[in-house]
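**Q** Provided below for reference: sequence and predicted model.
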Amino acid sequence: MTMRIVACIVALSAVTLAQRAVPPTRSHHPDVPYQAPVSLGAATYAKVLCSAVFVSGRDAEEAKQNSAYFLMTEPDRKKPITADVDRQAKRVRVTVENVTRTAAFYGDQGCVIHPVDRDGVHFTPVPVRTTLPDAASQPWPMGDAPSGEPWPATLDRARMQAAVDLAFADPAGLTAAMIVVHKGQIVGERYLPGITKDTQLESWSMGKSLTATLVGLVIKDGAFGLDDPAPVADWRRPGDPRGAIRVRDVMHMSSGLSFTGQDDRWMGGRGDAIAARGKGDDVPASLAANQGRAIAARGEAGAGDDTPAGRVRDHRRGALFQGSADLESAVRHDRDGPSCCSGTGNLF
């Protein structure tokens, strides 16, 4: 009898493990059409590779190895992946098994993921013009002109260089760029071959810090307070429970809104790892679609743009930024006015 019980427990455990290994067949949220992890991964791969080649001018093979694969699920990374880079059309198509996703370059809007059912985007690209002076005419951090400051007397130059070189010693570390700042002065700087100070690189979660900085600037200007209700118009309707969400809650990532990668078990519980990419330009719709639910759904932006915090940040301007590079520009504009800070940022 005991042996039968043990055998039964072992069999049930095997079934449970098998079930965990099978991705869900439907979306966690009824208002979001389901996309399989392989589709989301292929879309992200296409977008990152497109930006690396057509925005940053990086080598396609280097970008595949160091950047593009990153948001593919672990099982999908082991499958044959075909990436077609069309330099004439400025378009990237990625195929994993029988799933193909596309991202294309749209001028000053950068690279954008095409929706599953549309070979294009849901907006008209527009040029973005700057009125800032040449970066070479202003010293860092306002621009890129070399500093005339002497080397700090208390800093060991050889040890500093050794520390910078150590960051590049292990290729598996994927270090692409490093800058060391000491009391406002650049004292260490190195880049991966093919990358320079002007190369735009993925911002990843640095977008969160930029978003927090911009929200702080808006609060300083008196637009709203940290404990005020989040200024998202769709949440201000009578009876909407999201009206109780404060700016502070959003900035702490504790708003209570649901945000999922649709297949959390591949990502070790990191529900924010893969947003519902490929919708084109649906952040306002996704935040308003269902009380208590909000799925970040724009595929073209960098980390920190597709969130309620991004909506709070953009309240004063009345528009969504198109990527983390715009976050950096906004920080510079708000901090120092439109006449300065024209250096090229290392962000998408």
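**A** Ah, there it is.
**Q** so where is this structure shaky, pLDDT-wise?
**A** Applying pLDDT under 70 to the chain flags residues 1-33, 258-348.
**Q** buried set for stretch 156-176?
**A** Neighbour counts over stretch 156-176 (16 or more other C-beta atoms under 10 Å) mark 160, 164, 175-176 as buried. (Glycine included, C-beta is placed from N, CA and C.)
**Q** does residue 48 touch residue 64 like I think?
**A** No - in this structure residue 48 lies outside contact range of residue 64 using C-beta atoms under 8 Å: 9.2 Å.
**Q** more crowded one of these two?
**A** residue 48 (25 against 20; other C-beta atoms under 10 Å).
**Q** which strand or helix spans that one?
**A** Assigned by DSSP states H and E, residue 48 falls within helix 37-50.
**Q** describe which strands whatever helix or strand residue 181 lives in pairs with in its sheet and in which direction.
**A** Element membership for residue 181 (DSSP H and E) is strand 177-182. The pairing partners recorded for strand 177-182 under DSSP bridges are strand 185-191 (antiparallel).
**Q** hmm, back to that, which single one of the buried residues of stretch 156-176 is nearest to residue 215?
**A** Distance to residue 215 across the buried residues of stretch 156-176 (C-beta to C-beta) is lowest for residue 176, with 27.8 Å.
**Q** just give the nearest non-adjacent residue to the closest one, would you?
**A** residue 192 (4.7 Å; C-beta to C-beta, 6 or more residues apart in numbering).
**Q** and the one you found, how far is that from residue 243?
**A** 47 Å (C-beta to C-beta, to the nearest Å).
**Q** can I get the CA coordinates of the strand holding residue 181 in CSV?
**A** Taking C-alpha atoms only, strand 177-182 is exported to CSV below (Å, rounded to 0.1, in the frame of the first residue of the first chain):
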residue,chain,number,x,y,z
ALA,A,177,30.5,51.2,-22.8
MET,A,178,31.8,52.5,-19.5
ILE,A,179,32.4,56.0,-18.1
VAL,A,180,33.7,56.8,-14.7
VAL,A,181,33.0,60.3,-13.3
HIS,A,182,34.9,61.7,-10.3
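**Q** list of residues touching it?
**A** If you take C-beta atoms under 8 Å, 6 or more residues apart in numbering as the criterion, strand 177-182 is touched by 152, 155, 160, 163-164, 167-168, 186-192, 195, 197, 199, 201, 346.
**Q** state the number of residues packed around residue 75.
**A** 13.
**Q** and it, its phi and psi?
**A** phi -60, psi -40 (degrees, to the nearest 10).
**Q** you'd agree residue 163 is in a strand?
**A** No - the assignment for residue 163, made by DSSP: H, G, I helix; E, B strand; the rest coil, is helix rather than a strand.
**Q** is it correct that it is in contact with residue 188?
**A** Yes - counting by C-beta under 8 Å, residue 163 touches residue 188, with 7.1 Å between them.
**Q** where do the strands sit along the stretch 51-200 of the chain?
**A** Counting by DSSP state E, counting those that start in this stretch, the stretch 51-200 of the chain has strands at residues 81-86, 91-96, 99-105, 111-113, 177-182, 185-191.
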